[in-house]
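K.L.:
starting from these lines, generate the structure:
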Amino acid sequence: MNYPITLTFKLLALASQIYVRDANGNLLGYVKQKLLKLKEDINVFADENQTQLLFNIKADRVIDFSAQYNFTDSGGRFLGSIKRQGMRSLWKTHYQISDADNRQILEIREENAWVKVIDSLIGEIPVVGMFTGYMFNPAYIVSRSDNTPVVRLQKQPAFFESKFEVSTQAQLLQSEESLVLLGVLTMTLLERARG
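P.N.:
Residues are numbered from 1 along each chain as shown. Sure thing, here's the model as predicted:
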């Protein structure tokens with residue numbers, strides 16, 4: 001993949017719509033999250049017309065803080081999963097990504113939990129709250145189980161859309177690329193839903 005990769009969320013849509021693009025602006029994936037689903041079932045398509053399915057992300061249970069989200073390819077082959085680290089994630093976001101053999105190989109951690117707290121507090125102030133999306137931009141680090149950082153996800157300043165940039169910190173293994181991308185996509189969707 002050609003990094004940095006950008007995740008762009010349309011803010012004025014009823015259901016979340018995400019465009020995943022590489023450094024050249026080529027569309028790598030398109031997600032349109034279904035409304036009012038009790039059990040998350042997210043499809044990642046190659047195009048905006050949703051004609052070619054690339055991946056599926058599906059929760060293993062109905063609305064649950066500690067649900068596991070399983071990744072499958074277009075043929076239904078299990079690739080891995082992501083799971084939030086229970087109560088630890090209330091303060092500082094922490095997810096674990098496992099491979100197809102259910103071995104934890106990666107984790108996602110929030111760099112600074114105070115950014116989220118300040119964003120929430122200032123977001124409640126009339127008029128001023130409209131500008132929090134431009135001022136407070138959380139960042140997340142994806143690292144291997146030996147704590148080697150491989151990817152950094154950073155929210156970008158934006159007014160009329162929500163934009164995240166995925167940049168590499170180390171050489172990714174081919175087996176890690178899909179898991180990293182699906183992991184940061186899932187984590188971003190879940191964290192946006194939490195506020």
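
K.L.:
gap between the longest helix along the chain and the chain center?
P.N.:
Counting by DSSP state H, the longest helix found in the chain is helix 174-194. The chain centre lies 4 Å from the centre of helix 174-194; the measure is Cα atoms, centre = their mean, to the nearest Å.

K.L.:
the helix or strand containing residue 164 packs against which elements?
P.N.:
Remark: residue 164 resides in strand 161-168, with elements defined by DSSP states H and E. On a contact count with 3 or more Cβ pairs under 8 Å, 6 or more residues apart in numbering; DSSP states H and E, strand 161-168 meets strand 5-10, strand 149-156, helix 174-194. Using the backbone N, CA and C atoms, a C-beta is placed for each residue, glycine as well.

K.L.:
low-confidence ranges, the protein, go.
P.N.:
For the chain, residues meeting the criterion pLDDT under 70 lie at 11-15, 35-38, 63-65, 86-91, 113-136, 158-161, 192-195.

K.L.:
so where do the strands sit in it?
P.N.:
Taking DSSP state E as the test, the strands found in the chain are 5-10, 17-21, 27-32, 41-45, 53-59, 68-73, 78-84, 94-99, 104-110, 139-144, 149-156, 161-168.

K.L.:
packing partners of the first one?
P.N.:
Yep, that's strand 5-10 we're talking about. strand 17-21, strand 161-168, helix 174-194.

K.L.:
same thing but 6 Å
P.N.:
Helices and strands touching strand 5-10, by 3 or more Cβ pairs under 6 Å, 6 or more residues apart in numbering; DSSP states H and E, are strand 17-21, strand 161-168.

K.L.:
TSV for these, including distance to residue 82?
P.N.:
Conversion of the helices and strands packed on strand 5-10 to TSV gives the following (distance: least, Cβ to Cβ, whole Å):
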stretch	distance to residue 82
strand 17-21	16
strand 161-168	15
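
K.L.:
nearest to residue 48, of those strands?
P.N.:
Nearest to residue 48, of all these, is strand 17-21, at 7.8 Å by Cβ to Cβ.

K.L.:
which residues are contacting the closest one?
P.N.:
Applying Cβ atoms under 6 Å, 6 or more residues apart in numbering, the external contacts of strand 17-21 come out as 6-10, 27-32.

K.L.:
could I get those as CSV with distance to residue 190 and neighbour count?
P.N.:
Below are the contacts of strand 17-21 laid out as CSV (distance: Cβ to Cβ, whole Å; neighbours: other Cβ atoms under 10 Å):
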residue, distance to residue 190, neighbour count
6, 19, 17
7, 13, 24
8, 17, 17
9, 13, 19
10, 18, 15
27, 23, 13
28, 20, 17
29, 17, 20
30, 19, 20
31, 13, 23
32, 16, 17
